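Colleague: Return a 3D structure for these sequence lines:
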Amino acid sequence: MRRRKPAILAGTGKLEITGVKVMNRLDGKRAIVTGAGSGIGRAIAIRLASEGARVALADLDTEAAESVAAEIDGETLIQRSDVTDAASVEALISGVVSEWGGLDVMVNNAGVGAAATVVDTSEEDYDRMMDVCVRGTFLGMKHAIPAIRESGGGSVVNMSSVAALVGIADRALYCAAKGAILAMTRGAAVDHVGEGVRVNCIAPGTVETPWIDRITSGYDDPEEARKNMQARQPHGRFVQPEEIAAMAAYLASDESASVIGACMIVDGGVTAR
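Modeller: Residues are numbered from 1 along each chain as shown. A predicted model of the protein is given here:
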């Protein structure tokens, strides 16, 4: 499904978004964001579009993706996509290439979380976590990198976490999945830098998204759990999705041309301790 609107940045050069001046440094770039229907994915899709990119919003929930697309002044595509299914991911990439003539930016953002120790984690939760986070990132890179290469080069942005860098209570499986994404990012970066494809990842702290409510609802005192999650950031608050989106836009842009295989930490100081 395609949406076309006049580019809001056309002729202006700048746009005011939540108090931050941004430039259309992504003008003409063709981007895909998985998990674009809410949370971090929503913020990234909006930010990339605000800087001039054409954005394909991929999500299992097409109604949510439609809602995000309605917030975007620019050209978008909406695609129902299951990142765990190779045929679905391949169709997503080929559809964007067919519609827009190529691909410049791939943001592998779709993911899931689970709150449990290793002992308390079910095998079903393990399979789902590894499928969505690790397999999903693998398939996204597997099918996007050749398209980006054929388009003359560009950027892959994977979504890791500070959980890949430090141990977090009740998140053992999440730590493992996000650690795998970090390691895979570094390996892919080395493999494909000579092809003009830069691969990097972002390691957010605890971000204020709908996932927070889903996780905390499983605790005896959800409000106390929420406060504890906020408190583990030294700056005393949740990281905002727009802060992650700002980093994604930088990695997608040519300004980060020498940033290769990096893990860009946006965590409110968690890893500074």
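Colleague: The longest strand along the chain pairs with which strands, and in what direction?
Modeller: Looking across the chain with DSSP state E, the single longest strand is strand 197-204. Using DSSP bridges, the neighbouring strands of strand 197-204 in the sheet come out as strand 154-159 (parallel), strand 263-266 (parallel).
Colleague: That one: what's the following helix or strand?
Modeller: Going down the chain from strand 197-204, the next helix or strand is helix 210-216, by DSSP states H and E.
Colleague: Just the buried residues of that next one, please?
Modeller: Within helix 210-216, the residues scored as buried using 16 or more other CB atoms under 10 Å are W211, I212, I215, T216. Placement of C-beta: from N, CA and C, glycine included.
Colleague: rewinding a little: got TSV for the strands paired with strand 197-204, with mean pLDDT and distance to A183 too?
Modeller: Shown next, in TSV, are these (pLDDT from 0 to 100; distance: least, CB to CB, whole Å):
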stretch	mean pLDDT	distance to A183
strand 154-159	98	11
strand 263-266	98	10
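Colleague: which residues in the chain form strands?
Modeller: For the chain, strands defined by DSSP E occupy the ranges 2-3, 14-17, 20-23, 30-34, 54-59, 76-80, 105-108, 154-159, 197-204, 263-266.
Colleague: Comparing those strands by mean pLDDT, which bottoms out?
Modeller: Among the strands of the chain, strand 14-17 carries the lowest mean pLDDT, at a mean of 38.
Colleague: ok, back up a step: tell me which of the strands of the chain sits nearest to T121.
Modeller: For those, proximity to T121 was assessed by CB to CB; strand 154-159 is nearest, at 20.7 Å.
Colleague: if we look at that closest one, which residues are touching it?
Modeller: 29, 40, 103-109, 111, 137, 140-141, 144-145, 148, 181, 184-185, 188, 196-202, 204, 248, 251-253, 256 (CB atoms under 8 Å, 6 or more residues apart in numbering).
Colleague: got the CA positions of it in CSV?
Modeller: What follows is strand 154-159, C-alpha atoms only, in CSV (Å, rounded to 0.1, in the frame of the first residue of the first chain):
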residue,chain,number,x,y,z
GLY,A,154,24.1,2.6,2.1
SER,A,155,23.4,1.8,5.7
VAL,A,156,22.0,-1.0,7.9
VAL,A,157,21.0,-0.1,11.4
ASN,A,158,20.3,-3.0,13.8
MET,A,159,18.6,-2.6,17.2
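Colleague: what is the orientation angle of it with strand 30-34?
Modeller: Angle, strand 154-159 to strand 30-34, by axes from the mean of the first three to the mean of the last three CA atoms, to 10 degrees: 20 degrees.
Colleague: how far is strand 154-159 from where the chain is centred?
Modeller: 8 Å (CA atoms, centre = their mean, to the nearest Å).
Colleague: What are the buried residues along it?
Modeller: Using 16+ other CB under 10 Å as the test for burial, strand 154-159 gives G154, S155, V156, V157, N158, M159.
Colleague: For the fifth one, which non-adjacent residue is spatially closest?
Modeller: When you say that, I think you mean N158. Leaving out its chain neighbours, the residue that sits closest to N158 by CB to CB, 6 or more residues apart in numbering is C201, at 4.1 Å.
Colleague: Ok, the first one next?
Modeller: If the residues on either side of it in the chain are set aside, G154 comes closest to D104, at 3.8 Å by CB to CB, 6+ apart.
Colleague: measure that neighbour to V166 for me?
Modeller: Separation of D104 from V166 (CB to CB, to the nearest Å): 33 Å.
Colleague: how near is D73 to S50?
Modeller: Taking CB to CB, one finds D73 at 8 Å from S50.
Colleague: just for the chain, where's the confidence low?
Modeller: 1-23 (pLDDT under 70).
Colleague: One more pass at 50, please.
Modeller: Scanning the chain for pLDDT under 50 picks out 4-19.
Colleague: Let me see the ranges of the helices in it.
Modeller: For the chain, the helices defined by DSSP state H cover 39-50, 62-69, 86-100, 123-129, 136-150, 172-192, 210-216, 222-231, 241-252.
Colleague: can you list those helices in a markdown table and add distance to M264?
Modeller: Listed next are those as a markdown table, based on distance: least, CB to CB, whole Å:
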| stretch | distance to M264 |
| --- | --- |
| helix 39-50 | 13 |
| helix 62-69 | 23 |
| helix 86-100 | 24 |
| helix 123-129 | 23 |
| helix 136-150 | 16 |
| helix 172-192 | 11 |
| helix 210-216 | 20 |
| helix 222-231 | 21 |
| helix 241-252 | 5 |
